[in-house]
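Asker: Prediction below, plus the sequence it came from.
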Amino acid sequence: MRVALFVTCVADTMFPDTGRAVVTVLERLGHTVEFPQEQTCCGQLHFNTGYRPDAVPLVARFARTFAEYDAVVTPSASCTGMIRDNHPLLAERYGRPDLRRTVAELVPRVHEFTEFLTDVLGVTDVGARFPHRVTYHPTCHSLRGLRLGDRPLRLLRAVQDIDLVDLPAADSCCGFGGTFAVKNAETSGAMLADKAAGVLETGAEVLCAADNSCLMHIGGGLSRRGSTVRTVHLAEILATTEGTLR
Amino acid sequence: MSDPHPRNPADRGVVWLGSPAFPDAARSALKDTQLRANLKRATGTIRDKRLTVAAELDDWEELRTAAAAIKTRTSRHLDRYLLQLERSVTAAGGTVHWAADAAEANRIVTALVRATGEREVVKVKSMATQEIGLNEHLAEAGIAAYETDLAELIVQLGDDRPSHILVPAIHRNRTEIRDLFVARMGDWGRPAPDGLRDDPHELAEAARRHLREKFLNAKVAVSGANFAVADTGTVVVVESEGNGRMCLTLPQTLITVMGIEKVVPTWSDLEVFLQLLPRSSTGERMNPYTSTWTGTTDGDGPSEFHLVLLDNGRTDTLADTVGRQALACIRCSACLNVCPVFERTGGHAYGSVYPGPIGAVLTPQLVGVGQAASLPFASTLCGACYDACPVKIDIPELLLHLRAEAVEAERAAKRLPTAEAVAMKAAAAVLDSPRLLSAAQQAGSLGGRALARGGRIRRLPGPLHGWSDTRDTPAPPAESFRTWWRKNKEGDR
């Protein structure tokens, strides 16, 4: 199986440790991971802000870059959702027949990281050890978009020595919403305040999730409140065997 | 789709003219800590009740699917069902009127009330008459319209606007309501009793006595409709208080204003919605009062019945194959109650009689996206509304669809591209080139690290300041993932 990593533009630019963690976990499980250098972004920013035609070249680039792989793994529920739901829509509306075909064939082979581990590889224990108090925020795209259910929690529960605690009002949105956090910054901030309070209530040292963008938002709010809670993509917890983060 | 008979959106009502764009209106609402506390408590309570009663039905998901299918099928043949409804209502002794927009509906209702010689009407809670601004129109014609739903009464006494579809006074707590009753009830009829306290039982009793006078004197009632059954001509109103039933049965003349999308083909279709609606809206297994009437019946209820079928942008909405699913809405307001944005801002920020997630997709379609361009962006796309919707309206899909329309409408209206459009084009160019992206990452890393103190950036420039007012941004890493890969992994391959 040829496995490619689609690291996402957010992780590539801001959170390279997430990409390294995905590679570490998959290699530990005996897979070789490739990183096609022509990859960039799924086009979600443009699509969600209403600039659909601007997203089309990114859809074409994604299809071109990953067409030859058996599996594409990405550490983002929201980018997976964009690819799964909206690449076919954009290809259908704006693309030529060959793009439509490529996208239709490729999309079923694109997997969010925890889906890939649990559904495709059939593992929940990836050999990690992390002796810390951790809480998990199910991002909206994990919970209601991809319906990841308890896949991330099954993976986290299998981590040795982890103290996994429930996040209060976990299913509430953190208020990020991409450009929503800029266009409606105050409303977003009010949602963030409640989410940050929930995280602090758990007493966790680490907050994890399956989307770096939401984590950057919650982490930004926690940091502004002077909190020392770390926000990391759950792949980084699954990658560690020494019990410490990078 | 172009309308062969374009009408002025100002003739449609729906939006409150002069309302600020959503982000500005929301900013003011967020500062009202009392409002936020009222909303948090109220939406939290209804949310939990809805989840409990929905979980009681094994076939909840099948009911949702059936409801969506019935609405889709009916909307595909809407012309046929509406003509069938007209025939059935007429055969049962009612009169059907067709109104293309709010202005026409208001003219029809005003003329019907004038023909009775009455100067007062009692009203059943109705979104359609809110949408067309009927009360204001009747007032201009010298006719007083008395709201008889308790929450609508609170809104009317306060010269206020509704902030929720089902609970229009959700933004008020009981102390505010007591003060309003004491100050204003006397202006409209029987005053509040002396020494009224903010106890719910006492407040309800004061409203009961105030309204009882209206019911017993009224000769004309105006209602909306939750459903109308095409094959029998039966109109249905679903309510909790019984005040609607009073209006529907005591007066001599009943005038019902109904959106054309409310028609269902048969009673067996109605059955599906009567299971979904109360559980989704008030979190009850069954609503206390379900009134159904078919034309007129000698010696029983109103002797004259008029049904005004209101288009007001619905045919335009139907022409949009993606947007039309918003017409399936049964006004349960489950989407408002689960919405994290509505919970913080309340309904007034939406500037429309239809607030919340459904309002954000319905309002721009009814009045034109240019008249409500900020609404499709008033959401994080969290999807809670879609999960809660009893008729499975994919509100996030509609929001995205309308965002694209809003951007396109703005582009078409302006000669120069907006700053946002220019930024999006630039971002698209960078993101479509790994080389440019890599260069941007290096520049961003240097710039970002220069701005950062202790690994955090506290203030961002330009339009991003709203973000950085309440959030730190991590300093970018020294090297991007792609750079790290090139240095460390490329050789392995």
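Answerer: Everything's here; your move. Keep in mind the model is a prediction, meaning the values are calculated, not measured.
Asker: Quickly check: the helix or strand of chain B with the lowest mean pLDDT near chain A or not.
Answerer: Every helix and strand of chain B was ranked by mean pLDDT, DSSP states H and E. The lowest is helix B:465-468, at a mean of 90. Yes - Helix B:465-468 is in contact with chain A by C-beta under 8 Å from any C-beta of the partner chain, via B:466, B:467. For glycine as for every other residue, the C-beta is placed from the backbone atoms N, C-alpha and C.
Asker: same for that helix, what does it pack against?
Answerer: helix A:180-183, helix A:185-202 (3 or more C-beta pairs under 8 Å, 6 or more residues apart in numbering or on different chains; DSSP states H and E).
Asker: which one of those lies closest to residue B:44?
Answerer: Among the helices and strands packed on helix B:465-468, the nearest to residue B:44 by C-beta to C-beta is helix A:185-202 (11.6 Å).
Asker: and the helix or strand just after the least confident helix or strand of chain B, what's its mean pLDDT?
Answerer: Note on helix B:465-468: by DSSP states H and E, the next helix or strand toward the C-terminus is strand B:473-474. In this model, strand B:473-474 has a mean pLDDT of 94.
Asker: does chain A sit close to strand B:473-474?
Answerer: Yes - legend: contact between strand B:473-474 and chain A by C-beta under 8 Å from any C-beta is shown at B:473, B:474.
Asker: So the next helix or strand along the chain from that strand, near chain A or not?
Answerer: Moving toward the C-terminus from strand B:473-474, the next helix or strand (DSSP H and E) is helix B:481-488. Yes - shown here: helix B:481-488 in contact with chain A (C-beta under 8 Å from any C-beta) through B:481, B:482, B:484, B:485, B:486.
Asker: The first one reaches residue A:10, doesn't it?
Answerer: No - using C-beta atoms under 8 Å, residue B:481 and residue A:10 do not qualify as a contacting pair, with a distance of 10.2 Å.
Asker: For these two, work out which one has more neighbours and name it.
Answerer: Neighbours were counted for residue B:481 and for residue A:10 using other C-beta atoms under 10 Å in any protein chain shown; residue B:481 has more, 26 against 21.
Asker: list the contacts for the more buried one?
Answerer: Counting by C-beta atoms under 8 Å, 6 or more residues apart in numbering or on different chains, residue B:481 touches A:7, A:11, A:12, A:13, A:16, A:18, A:19, A:20, A:35.
Asker: Can you add neighbour count, distance to residue B:66 and pLDDT and give the residues you listed back as CSV?
Answerer: Output for these, formatted as CSV (neighbours: other C-beta atoms under 10 Å in any protein chain shown; distance: C-beta to C-beta, whole Å; pLDDT from 0 to 100):
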residue, neighbour count, distance to residue B:66, pLDDT
A:7, 27, 43, 98
A:11, 28, 42, 98
A:12, 27, 45, 98
A:13, 22, 47, 97
A:16, 23, 49, 98
A:18, 27, 43, 98
A:19, 27, 45, 98
A:20, 22, 49, 98
A:35, 20, 47, 98
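Asker: near chain B, from those residues?
Answerer: A:7, A:11, A:12, A:13, A:16, A:18, A:19, A:20, A:35.
Asker: Narrow the contacts of residue B:481 to those in helices?
Answerer: Residues of the contacts of residue B:481 located in helices (DSSP state H): A:11, A:12, A:13, A:16, A:18, A:19, A:20.
Asker: now the first one, nearest residue through space, not along the chain?
Answerer: Okay, so that is residue A:11. Leaving aside its chain neighbours, residue A:11 sits nearest to residue A:18 (4.5 Å; criterion: C-beta to C-beta, 6 or more residues apart in numbering or on different chains).
Asker: interface residues of the stretch 201-350 of chain B facing chain A?
Answerer: B:340, B:341, B:344, B:345.
Asker: Look at the third one and give its secondary structure.
Answerer: The one in question is residue B:344. State at residue B:344, reduced to three classes by DSSP: H, G, I helix; E, B strand; the rest coil: helix.
Asker: And for it, the neighbour number?
Answerer: By the criterion of other C-beta under 10 Å, residue B:344 has 25 neighbours.
Asker: how many other residues sit next to the residue nearest to residue B:165 when sequence neighbours are not counted?
Answerer: What sits nearest to residue B:165 in space, not counting adjacent residues and going by C-beta to C-beta, 6+ apart, is residue B:333, at 4.1 Å. Counted with other C-beta under 10 Å, residues neighbouring residue B:333 total 29.
Asker: Okay, domains of chain A per the record?
Answerer: Chain A breaks down into these domains under automatic domain parsing: A:3-120, A:133-239.
Asker: ditto for chain B
Answerer: Listed by automatic domain parsing, the domain ranges of chain B are B:22-314, B:419-492.
Asker: Show me which of those domains has the highest average neighbour count.
Answerer: Highest mean neighbour count among the domains of chain B (mean count of other C-beta atoms under 10 Å in any protein chain shown): domain B:22-314, with a mean of 19.
Asker: hey, C-alpha coordinates of stretch B:279-287 in CSV?
Answerer: Extracted as CSV, the C-alpha positions of stretch B:279-287 are listed here (Å, rounded to 0.1, in the frame of the first residue of the first chain):
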residue,chain,number,x,y,z
ARG,B,279,-40.7,17.2,20.3
SER,B,280,-38.4,19.4,18.3
SER,B,281,-39.8,22.8,19.4
THR,B,282,-40.9,22.7,23.0
GLY,B,283,-39.5,19.3,23.9
GLU,B,284,-43.0,17.9,24.5
ARG,B,285,-44.3,14.5,23.3
MET,B,286,-47.4,16.3,22.2
ASN,B,287,-48.4,19.9,22.1
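Asker: Tell me the first helix or strand C-terminal of the helix or strand residue B:271 falls within.
Answerer: Using DSSP H and E, residue B:271 falls within helix B:267-281. Beyond helix B:267-281 on the C-terminal side, the first helix or strand identified by DSSP H and E is strand B:289-294.
Asker: just checking, what packs against that following strand?
Answerer: Where contact means 3+ C-beta pairs under 8 Å, 6+ apart, strand B:289-294 is packed against strand B:234-239, helix B:243-249.
Asker: same for the shortest one, what does it pack against?
Answerer: With contacts defined as 3+ C-beta pairs under 8 Å, 6+ apart, strand B:234-239 has these neighbours: strand B:227-229, helix B:243-249, helix B:267-281, strand B:289-294.
Asker: Residues contacting it, please?
Answerer: By C-beta under 8 Å, 6+ apart, the residues outside strand B:234-239 that reach it are B:88-89, B:124-125, B:149, B:223-229, B:244-245, B:248, B:256, B:258, B:267, B:270, B:274, B:277-278, B:287-294, B:307.
Asker: Next, count neighbours for the nearest residue to residue A:142 once chain neighbours are set aside.
Answerer: Closest residue to residue A:142 apart from its sequence neighbours, by C-beta to C-beta, 6+ apart: residue A:77 at 4.1 Å. Residues contacting residue A:77 under the criterion other C-beta under 10 Å number 29.
Asker: tell me the contacts of residue A:77?
Answerer: By C-beta under 8 Å, 6+ apart, the neighbours of residue A:77 are A:112, A:139, A:141, A:142, A:145, A:146, A:148, A:210, A:211.
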